[in-house]
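Novice: got a sequence here, can you model it:
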Amino acid sequence: MEPSRNPNSHAAAIMIDEFARSGVANACISPGSRSTAIVTGLLRAPAIRPWVILDERSAGFFALGMARDTCRPVILVCTSGTAAANYMPAVVEASLSRIPLIVITTDRPPEARDCRSPQTIDQVRMFGSHARWSVDLATPVAGLDLDSYYRTIACRAFATAADMPAGPVHLNLPMREPLIDVNEEREALARINESESEFAADESRSPYTQVYPARPSLLPDSIGALAHKLRGCDRGLIVSGPAAPSPDAARSIARLAARLNWPILADPLSGLRAGHHDRSRIVDAYDVLLRDPAFCAANQPDAVIQFGDPPVSKCLGQFLASRPRRSHLMVAEPGTWPDPLQIASDVAPVATVELCDALFESLDDPPKISPWLDSWLAASARSRAVLDAMLADETTMFEGKVVAELMRLAPDGCAVHTGNSMPVRDFDTFVGQSDRDTALFCNRGANGIDGVLATALGAAAARKAPTILVLGDLSLLHDIGALQIAARYPVHLLVTVINNDGGGIFSFLPQAALGDSFETFFATPHGLDFERASALGRARYARAGSWSEFNAAVGYALDHPGLHLLEIRGDRAHNLAMHRGLIEKALTRLHATAREK
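Specialist: Next up, the predicted model:
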């Protein structure tokens, strides 16, 4: 690499070269002046694809969705000032969801800080504890050789973002004017082969500093102690909460469940409800079962092994916290502590596959007959059958049926993204198992409703198969500006918005009894629809008022690449009544079966 005449361009080119060598393939750029040297450096790096996202807030979530889908760090680049502050929501989510991002904020030089210089704020460590690592870089300067410094910084940033627990890193790069040498950059860009097929990294070029990831493991004595607590326990549960979908982890958890002969209470975001692994011990209707005090009292476990993040279901959390256990083993990714209820008796900071495989080898085969396992599976199957039958007969556009139908129609290999609040809870209650390879994703780090559309757009941009997003109207309104991304880049994404004119989840809470005050300050009706808004992303718009229209619209969207926006009008009061009625009928059936025995 020939050295640039401009020190900013030289430093930027060196860092970007190391990012490419390390394996970065995508960078999201929000236009601005101070970041010019980074942008022109990216244009010289054919191994890294640049994505221009006008709004930093949308860019942050777009990069998050892409990093989650590709399982490798994505670069974010912005200019100085409040542009950088707009990354904060996505950085928070990336930190809590353990998604690797490399955030490069360009800055004014030190002498321009804290003196009312334009477009200058305090950017040093601005993301606080949400960044895995944050550094205020040395300002590039002519005549000082900092090549090894910038190369090492880039290698360290990539390794820190990707290592366990993955997350965002923040590089703040101050630069003095002139920001670039325009003639030099024009000559360099003219020499670049602009073929858009060269987006793969050159694997023959190793990074300046190769960082080897360490994977913590438990000592044999620790495995032996855990196995001793679990051995001979007939009444145990495996709880699998939200986690990055992993076929290896799903197979390992299923194999451990078989060795213990325990049921698996599988969160919809766990990756265990759908796929080609052994699902014979999966309980998927626990959100209904655990609303029944009699069932809870009769089915208290003596031991629990819990994987992933805290489950979506509030009922499940309350059930797990209802009394102490002989053992409650929390399997936590190193650097995390997913125990908000403080119920863990043992914590294993180790990867899921390693823990499962080690316990499997240390435990003996259980008795072939397990009344405990059979009772959970039978109750779950009966409840799911009742719910499925009632949903099949439902003619209104009930929100719970929307998510169930989307999963039924999603083809093998399709990614489904869901918003928080009601949609993810409806997946938990109303969607059972599938043998298709259909992964379900949700931003459950901070449980926010912001950035959901931009996240799905980033994931869709990284995939060849279609992507489905289902979210509420307030969530879409929060992120409406992200539609402009689809106008610039082709994505195959079906956005299904359930428009019940406000915050539907609040209808389930005690403040719903506040009357007019509830409508004004909690339900927040807006009276808008999304047909005209869809034009912002050049989306094909449809509204479904019946299930035949719904099936036709979904089928068309999955068969025709591009952005599609499907709107379903809902009614908050009807949705509340339907939820309560369906769950009551499922529990009535459960009680009737128990009496028949």
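Novice: may I see the buried residues of the lengthiest helix in the chain?
Specialist: Longest helix in the chain by number of residues, with DSSP state H as the criterion: helix 572-596. Going by neighbour count (16 or more other Cβ atoms under 10 Å), the buried part of helix 572-596 is 572, 575, 578-579, 582-583, 585-587, 589-590. The way it works is simple: take the backbone N, C-alpha and C, and place the C-beta from them, glycine included.
Novice: what of stretch 476-483?
Specialist: For stretch 476-483, by 16+ other Cβ under 10 Å, it's 476-479, 482-483.
Novice: can you pull the contacts of residue 593?
Specialist: Residue 593 makes contact with residue 382, according to Cβ atoms under 8 Å, 6 or more residues apart in numbering.
Novice: so how far is residue 587 from it?
Specialist: Distance from residue 593 to residue 587, counting by Cβ to Cβ, to the nearest Å: 11 Å.
Novice: same check, this time on residue 104
Specialist: 53 Å.
Novice: domain boundaries for this protein, per the record?
Specialist: Using automatic domain parsing, the domain parsing of the chain gives 7-191, 222-371, 394-583.
Novice: quick one on the thing from earlier: so which of the buried residues of stretch 476-483 comes closest to residue 5?
Specialist: residue 482 (38.5 Å; Cβ to Cβ).
Novice: surely that closest one meets residue 58?
Specialist: Yes: using Cβ atoms under 8 Å, residue 482 is in contact with residue 58, at 4.2 Å.
Novice: need the residues touching each of these two.
Specialist: Common neighbours of residue 482 and residue 58 (Cβ under 8 Å, 6+ apart) are 451, 454.
Novice: and the gap between the spatially closest residue to residue 209 that is not a sequence neighbour and residue 477?
Specialist: In space, and not counting its chain neighbours, residue 209 is closest to residue 155: 3.9 Å by Cβ to Cβ, 6 or more residues apart in numbering. Per Cβ to Cβ, residue 155 is found 41 Å from residue 477.
Novice: do residue 484 as well
Specialist: Taking Cβ to Cβ, one finds residue 484 at 15 Å from residue 477.
Novice: three-state assignment of residue 459?
Specialist: helix (DSSP: H, G, I helix; E, B strand; the rest coil).
Novice: next, count neighbours for the closest residue to residue 80 other than its chain neighbours.
Specialist: With Cβ to Cβ, 6+ apart as the criterion, residue 80 has its nearest non-adjacent residue at 4.5 Å, and that residue is residue 34. Using other Cβ atoms under 10 Å, residue 34 has 23 other residues around it.
Novice: same question, residue 136
Specialist: 16.
Novice: out of the domains of the chain, nearest to residue 378?
Specialist: Using Cβ to Cβ, the nearest of the domains of the chain to residue 378 is domain 222-371, at 10.1 Å.
Novice: quick one: average pLDDT of that closest one?
Specialist: Domain 222-371 carries an average pLDDT of 95.
Novice: just how off-centre is that domain within its chain?
Specialist: 21 Å (Cα atoms, centre = their mean, to the nearest Å).
Novice: for residue 373, the count of nearby residues, please.
Specialist: If you count neighbours by other Cβ under 10 Å, residue 373 ends up with 22.
Novice: show me the residues around it that make contact.
Specialist: Residue 373 makes contact with 261-263, 281 under the criterion Cβ under 8 Å, 6+ apart.
Novice: which strand or helix spans it?
Specialist: Element membership for residue 373 (DSSP states H and E) is helix 371-393.
Novice: residues contacting the helix or strand just after that helix, please?
Specialist: Using DSSP H and E, the helix or strand that directly follows helix 371-393 along the chain is helix 399-409. If you take Cβ under 8 Å, 6+ apart as the criterion, helix 399-409 is touched by 274, 388, 391, 394, 416, 418, 422-423, 426-427, 429-431, 434, 438, 440, 468, 470, 496, 498, 500, 504, 547, 550-551, 554-555, 558, 568, 570, 575, 578-579, 582.
Novice: please apply the same query to stretch 550-557.
Specialist: 397, 402, 405-406, 409, 466, 494, 496, 540, 542, 544, 564, 566, 568.
Novice: now pLDDT and distance to residue 175 too, for those, in a markdown table please.
Specialist: Below are these laid out as a markdown table (pLDDT from 0 to 100; distance: Cβ to Cβ, whole Å):
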| residue | pLDDT | distance to residue 175 |
| --- | --- | --- |
| 397 | 96 | 54 |
| 402 | 98 | 49 |
| 405 | 97 | 52 |
| 406 | 97 | 47 |
| 409 | 97 | 50 |
| 466 | 96 | 41 |
| 494 | 98 | 42 |
| 496 | 98 | 44 |
| 540 | 97 | 43 |
| 542 | 98 | 48 |
| 544 | 98 | 51 |
| 564 | 98 | 42 |
| 566 | 98 | 45 |
| 568 | 97 | 49 |
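Novice: relative to residue 160, how far out is the closest residue to residue 205 other than its chain neighbours?
Specialist: Excluding the flanking residues, the one nearest residue 205 by Cβ to Cβ, 6+ apart is residue 21, at 5.0 Å. Computed as Cβ to Cβ, the residue 21 to residue 160 distance reads 16 Å.
Novice: if we can go back for a sec, need phi/psi at the residue nearest to residue 205.
Specialist: The phi and psi values for residue 21, taken as degrees, to the nearest 10, are phi -60, psi -30.
Novice: contacts only, for residue 354.
Specialist: Per Cβ under 8 Å, 6+ apart, neighbours of residue 354: 215, 217-218.
Novice: could you flag which of those are buried?
Specialist: residue 218.
Novice: nearest to residue 189, of the contacts of residue 354?
Specialist: For the contacts of residue 354, the nearest to residue 189 is residue 215 (42.1 Å; Cβ to Cβ).
Novice: how about the secondary structure of the closest one?
Specialist: Once three-state DSSP is applied, residue 215 turns out coil.
Novice: check which residues of stretch 72-86 are buried.
Specialist: 72-81, 83-86.
Novice: and residue 60, that's in a helix?
Specialist: Yes: assessed with three-state DSSP, residue 60 lies in a helix.
Novice: okay, now it: neighbour count?
Specialist: Other residues close to residue 60 by other Cβ under 10 Å number 31.
Novice: now residue 184
Specialist: 15.
Novice: so how far is the longest helix of the chain from its chain's centroid?
Specialist: That offset, for helix 572-596, works out to 31 Å (Cα atoms, centre = their mean).
Novice: could you give the angle of that helix to helix 399-409?
Specialist: 80 degrees (axes from the mean of the first three to the mean of the last three Cα atoms, to 10 degrees).
Novice: quick one: mean pLDDT over helix 572-596.
Specialist: Mean predicted confidence for helix 572-596 is 86.
Novice: re the thing from before, just confirm the residue nearest to residue 80 is within a strand.
Specialist: No: secondary structure of residue 34 (three-state DSSP): coil, not part of a strand.
Novice: run through the residues that contact it.
Specialist: 79-80, 106-108, 119, 175, 179.
Novice: repeat that with 10 Å
Specialist: Going by Cβ atoms under 10 Å, 6 or more residues apart in numbering, residue 34 touches 8, 78-81, 83, 105-108, 119-120, 173-175, 177, 179.
Novice: please apply the same query to residue 420.
Specialist: Applying Cβ under 10 Å, 6+ apart, we find residue 420 in contact with 312, 442-444, 446-450, 452, 471-472, 475, 505.
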